[in-house]
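>>> any chance you can model this:
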Amino acid sequence: MSLPPYRKIDQSTWSRQDHYKYYTEKLKVNYSMTVRLDVTRLRAECDRFGVHFYAAFIWCTSNVVNRLPFMKMMTDEEGNPGVWDVVHPNYTIFHKEDHTFSDCWSEYDADFATFYKRIETDIEAAKKVRGVKAKAGQPVNFYCISCVPWLDYTGYATSTVSDHVALFPIITFGKYTEDNGKLTLPLTLTIAHAAMDGWHTSEFFREMQRRHPQQVAFTCGFMPTLSRQIYAGADFFLMPSQSEPCGLAQMIALRYGTIPIVRSTGGLADSIIDWDTPGGGCGFTFQSYNADDMLGAVRRAMGLYHSEYRAEMLPRALKCDFSWRRSAKQYMAMYLGI
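Have a look, this model is predicted:
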């Protein structure tokens, strides 16, 4: 079977050749990133023209995905990386009657009117089908997009179990909510690290804003007020770093009484003593860089939450002192021999 049109990547000149090889051969890993997207104008435009938000949002996303080569990664029959000329959205249809879903696909078109007519026809047909696949003939050049309209979430992750590294993006968005006259929703991108890095992920969200400035907005930056609210509102702080020369976040978390759950490496090992250590600790640690060990530490923490959190964990965390006052005393003692 011949493949749809694509461009083969020249690996001899490709800047990400080493990264691609590493993440397809040694560390086959996906990652997810979630941001909040302002869809106030898009919702208003949908109401104005009488179009469905779901179909319109899929078009907006497909428009951006098809403009970014790293969102259209593929491998040919010989395992060589390439870039599809175009990718088509594969999306989900929810069946209210039995609370199941089917996935469907529609051919992408850069013209909104053409695409909207096409996807509305496909959705109506898919509503009458039960089972995972509602429409036959799904092309190999696709990406996935789905909605969780019942939930306004802050984080979302999708994992796949396979020896094959799937390079297509998985995009998920949630329920939109109103705050001070603005409608925002959570938008998550899940992708194989072989296809993209953090810069590429941020570029996707930026492009959503650039291509559709009147419909969506993305804020990329650090917000101190929001950061403090997150620290203060959480009970535990998960920091499963592969490496960490020092690390400040775990120390900040302790100042808020938020118990760190960290991998014991570098500065995290220096600053966070495990709870089960004789004499008492201030957090929960795990040694190996894998999901099972991390989950074990999370479960240990959760197992003690109701019995020991307020009585022991919180007071012990608040007593931790990583301030310069403490460091200055140690320097004075060393230099002055006090």
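
>>> and this structure, what are its domain boundaries?
Following automatic domain parsing, one finds the domains of the chain at 6-218, 224-328.

>>> and the first one, average pLDDT?
Spelled out, that is domain 6-218. If you average the pLDDT over domain 6-218, you get 90.

>>> same question, the last one
Domain 224-328 carries an average pLDDT of 89.

>>> turn the domains of the chain into CSV, columns for mean neighbour count and distance to Leu336.
Placement of C-beta: from N, CA and C, glycine included. CSV is the format used below for these (neighbours: other CB atoms under 10 Å; distance: least, CB to CB, whole Å):
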stretch, mean neighbour count, distance to Leu336
domain 6-218, 16, 45
domain 224-328, 16, 12
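
>>> tabulate those (a markdown table), appending distance to Tyr335.
Shown next, in a markdown table, are the domains of the chain (distance: least, CB to CB, whole Å):
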| stretch | distance to Tyr335 |
| --- | --- |
| domain 6-218 | 41 |
| domain 224-328 | 11 |
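
>>> so which of those domains gets nearest Gly337?
Among those, the nearest to Gly337 by CB to CB is domain 224-328 (15.6 Å).

>>> what's the closest non-adjacent residue to Asn66?
Closest residue in space to Asn66, ignoring its immediate chain neighbours: Val86 at 5.8 Å, by CB to CB, 6 or more residues apart in numbering.

>>> ok, now how distant is that neighbour from Val65?
Using CB to CB, to the nearest Å, Val86 is found at 10 Å from Val65.

>>> now do the shared contacts for those two.
Shared contacts of Val86 and Val65 (CB atoms under 8 Å, 6 or more residues apart in numbering): Lys72.

>>> neighbouring contacts of the longest helix seen in the chain?
Identified as the longest helix of the chain according to DSSP state H is helix 291-308. With contact meaning CB under 8 Å, 6+ apart, helix 291-308 is reached by 235-236, 238, 240, 259, 261, 263, 275-276, 284-287, 313.

>>> of these, just say which sits nearest to Ser323.
Comparing the contacts of helix 291-308 against Ser323 with CB to CB picks out Ile259 as the nearest, at 19.1 Å.

>>> hmm, Leu318 and the closest one touching each other?
No - Ile259 is not in contact with Leu318 according to CB atoms under 8 Å; the separation is 10.7 Å.

>>> contacts only, for Val83.
For Val83, the contact set (CB under 8 Å, 6+ apart) comprises Tyr6, Arg7, Ile9, Pro69, Phe70, Lys72, Met73, Met74.

>>> that's a helix at it, yeah?
No - Val83 is assigned strand when assessed by DSSP: H, G, I helix; E, B strand; the rest coil, not a helix.

>>> pretty sure Tyr6 sits against Met74.
Yes - contact between Tyr6 and Met74 holds when scored by CB under 8 Å: they sit 6.0 Å apart.

>>> which neighbours do those two share?
Gly82, Val83, Trp84, Asn141.

>>> tabulate the residues you listed (a markdown table), appending distance to Lys21.
Output for the shared contacts of Tyr6 and Met74, formatted as a markdown table (distance: CB to CB, whole Å):
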| residue | distance to Lys21 |
| --- | --- |
| Gly82 | 15 |
| Val83 | 17 |
| Trp84 | 21 |
| Asn141 | 23 |
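
>>> chain center to the longest helix of the chain, what's the gap?
23 Å (CA atoms, centre = their mean, to the nearest Å).

>>> partner strands of the helix or strand harbouring Tyr143, with direction?
Per DSSP states H and E, Tyr143 falls inside strand 142-148. For strand 142-148, the paired strands and their directions (DSSP bridges) read strand 88-95 (parallel), strand 170-174 (parallel).

>>> helix or strand right after the first one?
Think strand 88-95. Once strand 88-95 ends, the next helix or strand along the chain (criterion: DSSP H and E) is strand 100-105.

>>> and that following strand, what does it pack onto?
With contacts taken as 3 or more CB pairs under 8 Å, 6 or more residues apart in numbering; DSSP states H and E, strand 100-105 sits against strand 88-95, helix 112-126, strand 142-148.

>>> can you redo those as JSON lines with distance to Arg228?
Listed next are the helices and strands packed on strand 100-105 as JSON lines, based on distance: least, CB to CB, whole Å:
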{"stretch": "strand 88-95", "distance to Arg228": "37"}
{"stretch": "helix 112-126", "distance to Arg228": "41"}
{"stretch": "strand 142-148", "distance to Arg228": "28"}
